[in-house]
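Colleague: Below: sequence and its predicted model.
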Amino acid sequence: PATWGRGELATRTTGSAHGLDDGTLLARLVLRGIALAQGVEFPTDAPGRRALWRRVSVTPDEVSSTVLTYGLRPTGTTWQEAALRERAAHHLETHLTLRELRTLHLELPSRTRVHVCENPRVVEAAADAGCSATLICTSGSATTVVLTLLDTLAATGCALAYHGDFDWPGIALANRVMGRYGAEPWRMTAGDYEYLATRAELQGTPPLPLGGTPVEATWDTELAATMGALGVALHEEAALDLLLEDLGTAASSERGKT
C-alpha cells in the first residue's frame with residue numbers, strides 16, 4: 001500500500017501540515033477510528049500512537065527528534081552498527097533518530113553498564129576526556145526517541161545507572177527512569193547532594209534557590225527532606241568531575257574484561 005507522511009496527509013486533508021499533530025483533537029479522533037477499525041486498544045503513550053499510525057501506512061515524523069548517545073558499541077554486523085563502534089572508538093557523540101532506531105540492531109555485550117544523564121554537557125565532557133563508557137542523555141525530560149532507545153537497551157540486558165539534576169523536576173524525571181527500567185541511582189543519594197551543596201558553598205558558588213513543589217525520591221527516602229532543608233538546586237554540572245571519574249573507572253573496568 002501507499003505510504004503517507006503524517007504531515008503530508010494532514011496537508012492534503014486539512015490544509016495544514018500540523019493538522020494531525022499529536023495532541024490535536026482531530027488526531028485523537030482519527031486514531032480512535034483507526035484503533036476501532038483495527039480492533040486494537042487506543043494507545044496511551046506516544047510510541048503506541050506512532051505504531052498505530054504505521055498500521056495504516058502513515059509515517060509519523062521520525063527524523064526531527066534525536067537522542068544524544070556516546071560510546072555505543074553494538075555487536076551487530078551491518079554498516080550501521082560498525083559506524084557506531086567506529087565513532088565510539090574515536091570518542092565522538094552520535095545523535096540517533098527514531099528512523100535509525102527502528103533499523104539498528106542495538107544489542108550490546110551482556111550486562112553492559114549504560115550510564116544515563118540529563119544534560120548534554122555531561123556527554124560533551126565525557127567525549128573531551130576520552131571516556132569509553134556508554135552514555136545516553138535524556139536532554140531534559142525524556143522524549144519518545146530517548147525512551148525508545150532505553151527500552152531497547154534494557155530489553156537486551158543492559159544495566160542502567162541514572163544521574164540527573166538535584167531539583168524537583170530532576171527528581172521527577174529520575175523517578176520515571178528508575179521506575180521504568182529498574183535503573184540504579186548514580187551519585188543521586190542524600191549524601192551525594194549534601195556533599196555537592198557543601199562543596200559549592202565552600203567554593204563560593206552563588207546558590208541557586210530550590211523552588212517548586214517537592215518530589216519524593218523513590219530510591220532514597222532522605223533525599224527530598226535533605227534538599228528541602230538546604231534549599232539549594234544543583235544541576236549536573238556541579239558533579240561533573242565526579243561523573244567523569246566514574247565514567248573513566250567504568251571504561252577501565254570494561255578494558256579489563258577484554
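Modeller: Great, that's in hand. Numbering: from 1, shown residues only.
Colleague: Without its sequence neighbours, what residue ends up closest to residue 136?
Modeller: Distances taken as CB to CB, 6 or more residues apart in numbering put residue 116 closest to residue 136, at 4.9 Å, once the chain neighbours are dropped. In this view, the C-beta of every residue, glycine as well, is placed from N, C-alpha and C.
Colleague: Could you do residue 105 as well?
Modeller: Nearest non-adjacent residue to residue 105, counting by CB to CB, 6+ apart: residue 76, 3.3 Å away.
Colleague: Can you check the pLDDT for the nearest residue to residue 200 once chain neighbours are set aside?
Modeller: Nearest-residue entry for residue 200: residue 238, 5.9 Å, with adjacent residues in sequence omitted and distances by CB to CB, 6+ apart. Residue 238 is assigned a pLDDT of 96 by the prediction.
Colleague: which intervals of this protein have sub-threshold pLDDT?
Modeller: 1-2, 249-258 (pLDDT under 70).
Colleague: tell me the contacts of residue 226?
Modeller: 190, 193, 194 (CB atoms under 8 Å, 6 or more residues apart in numbering).
Colleague: Now do the contacts for residue 178.
Modeller: By CB under 8 Å, 6+ apart, the contact set of residue 178 is 162, 184, 185, 218, 219.
Colleague: Quick one: residues in contact with the one helix or strand residue 26 maps to.
Modeller: Assigned by DSSP states H and E, residue 26 belongs to helix 25-38. For helix 25-38, contacts defined as CB under 8 Å, 6+ apart pick out 14, 19, 20, 21, 41, 42, 43, 49, 52, 53, 55, 56.
Colleague: at 10 Å instead, please
Modeller: 6, 9-10, 13-14, 18-22, 24, 40-43, 48-49, 52-53, 55-56, 58 (CB atoms under 10 Å, 6 or more residues apart in numbering).
Colleague: all helices of this structure, in order?
Modeller: For the chain, applying DSSP state H gives helices covering 6-14, 25-38, 46-55, 79-89, 98-101, 120-129, 144-155, 168-181, 190-202, 223-230, 240-257.
Colleague: Buried residues in the helix holding residue 26, which are they?
Modeller: By neighbour count on 16 or more other CB atoms under 10 Å, the buried set for helix 25-38 is 27, 30, 31, 34, 35.
Colleague: JSON lines for these, including distance to residue 111?
Modeller: Below are these laid out as JSON lines (distance: CB to CB, whole Å):
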{"residue": "27", "distance to residue 111": "40"}
{"residue": "30", "distance to residue 111": "43"}
{"residue": "31", "distance to residue 111": "38"}
{"residue": "34", "distance to residue 111": "40"}
{"residue": "35", "distance to residue 111": "38"}
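Colleague: ok, so of these, who is nearest residue 63?
Modeller: Nearest to residue 63 among the buried residues of helix 25-38: residue 27, at 19.1 Å, using CB to CB.
Colleague: Before I go, just wanted to say thanks for your time.
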